[in-house]
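Participant: Here is my input; please provide its structure:
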Amino acid sequence: MKKFSDFSKENMLDGEKLKIEDILNTEIKIINFAIKESRYPKNKSGKYLTLQIEKESRKYVIFTGSDVLIDQLEKYGNQKPFLATIRKINKYFSLT
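Facilitator: Numbers count the residues shown, from 1 in each chain. This is a model prediction of the structure:
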């Protein structure tokens, strides 16, 4: 008998929900992420990002429509897990 986990492509991200403002300018460990089409697009891409992080040995998830973060994770997400800091630069969030 097959196990669901053997063929499922679902990417379950668990953790306590956190606002992006709560982790600005602090180093976090990016564990995993998912980018999906939004039903209510408010950005140019029409996508949203679910980001799974670890901070002080606890898992959290953050939801954002930041096109800059989405672009960065589409380019560099294959390097996960990695340490990063999310900064607000003018009106945009960016990984540093």
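Participant: low pLDDT regions in the protein?
Facilitator: 5, 8-11 (pLDDT under 70).
Participant: Run through the helices of it in chain order.
Facilitator: 4-7, 67-76 (DSSP state H).
Participant: Leaving out sequence neighbours, find the closest residue to the residue most central in space within the chain.
Facilitator: Against the mean C-alpha coordinate of the chain, by C-alpha atoms, centre = their mean, the closest residue is residue 51 at 1.9 Å. Spatially, and ignoring its direct neighbours in sequence, residue 51 is nearest to residue 62 (4.5 Å; C-beta to C-beta, 6 or more residues apart in numbering). C-beta here means a position set from N, CA and C on the backbone, and glycine is covered the same way.
Participant: Please tell me how far that neighbour sits from residue 31.
Facilitator: Separation of residue 62 from residue 31 (C-beta to C-beta, to the nearest Å): 11 Å.
Participant: among the helices of the chain, which is the most enclosed?
Facilitator: Ranked by mean neighbour count, those are led by helix 67-76 with a mean of 16 (mean count of other C-beta atoms under 10 Å).
Participant: So which elements touch it?
Facilitator: strand 27-37, strand 47-55, strand 92-95 (3 or more C-beta pairs under 8 Å, 6 or more residues apart in numbering; DSSP states H and E).
Participant: Out of the helices of the chain, the one nearest residue 39 is which?
Facilitator: helix 67-76 (16.1 Å; C-beta to C-beta).
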